[in-house]
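Undergrad: pasting a predicted model and its sequence here:
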Amino acid sequence: MYDFTVVIDEHEDYRKIRDWLHKYLIQVLPSDYFLLEVAINEAICNSIENRSPDQQLHVELKVRVLNQRKLIIRMKDNGPGFPGNPSLLQLRKEPEKLWNQECLFSESGRGLWIMDASADYMAYNQKGNELLLVKNLNKKATGVPLCV
């Protein structure tokens, strides 16, 4: 497996790589890729949707397989960030709040839970504009590089 970095400066940039990312995740996590793919989509959509209107989009997505045992995903944007780790701790402490009527029928509010559920480890940097997701691989990652 190989490492890669993708810079997303326009929403269209992400549309162009989604199919390729999907195939990459299937290669690395054949039976467990779907939720992680949704989590990456959530993270990138959050970056796109939560930037200020006058701010140019800039998201850097880095993916690597470490020692054929862990899939490491780092995503950093140029936005102001948010209190990611405190929000994550609150969610883990009171997960039942996710299932109240208001949250169930809201168009947002479940992305953090999806990201946390998909990874074996999740954390934000202090500013809250960089996300780290780690997924343990059950077996060695194999495969050949895919062309973009």
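TA: Thanks, I have it. Numbers count the residues shown, from 1 in each chain.
Undergrad: for Thr5, give its distance to Ile72.
TA: Going from Thr5 to Ile72 by CB to CB, to the nearest Å gives 12 Å. Using the backbone N, CA and C atoms, a C-beta is placed for each residue, glycine as well.
Undergrad: shared neighbours, these two?
TA: Residues touching both Thr5 and Ile72 (CB atoms under 8 Å, 6 or more residues apart in numbering) are 62-63.
Undergrad: what about those two, which has more around it?
TA: Set Thr5 next to Ile72 and count neighbours by other CB atoms under 10 Å: Ile72 wins out with 15 against 10.
Undergrad: so the more buried one is in contact with Leu61, correct?
TA: No. If you go by CB atoms under 8 Å, Ile72 and Leu61 don't touch, sitting 11.4 Å apart.
Undergrad: specify the beta-bridge partners of His7.
TA: Actually, residue 7 is Val rather than His. Beta-bridge partners for Val7, by DSSP bridges, are Glu60.
Undergrad: buried set for stretch 69-87?
TA: Residues of stretch 69-87 classed as buried by neighbour count (16 or more other CB atoms under 10 Å): 71, 73-77, 79, 81, 84.
Undergrad: nearest to Lys93 among those?
TA: Closest approach between the buried residues of stretch 69-87 and Lys93, by CB to CB: Gly84, at 14.8 Å.
Undergrad: next one: that closest one from Ala39, what distance?
TA: 14 Å.
Undergrad: doesn't Lys23 belong to a strand?
TA: No. Looking at Lys23 with DSSP: H, G, I helix; E, B strand; the rest coil, it is helix, so not inside a strand.
Undergrad: and the pLDDT for it?
TA: As predicted, Lys23 sits at a pLDDT of 93.
Undergrad: tell me how many other residues crowd it.
TA: For Lys23, using other CB under 10 Å, the count is 14.
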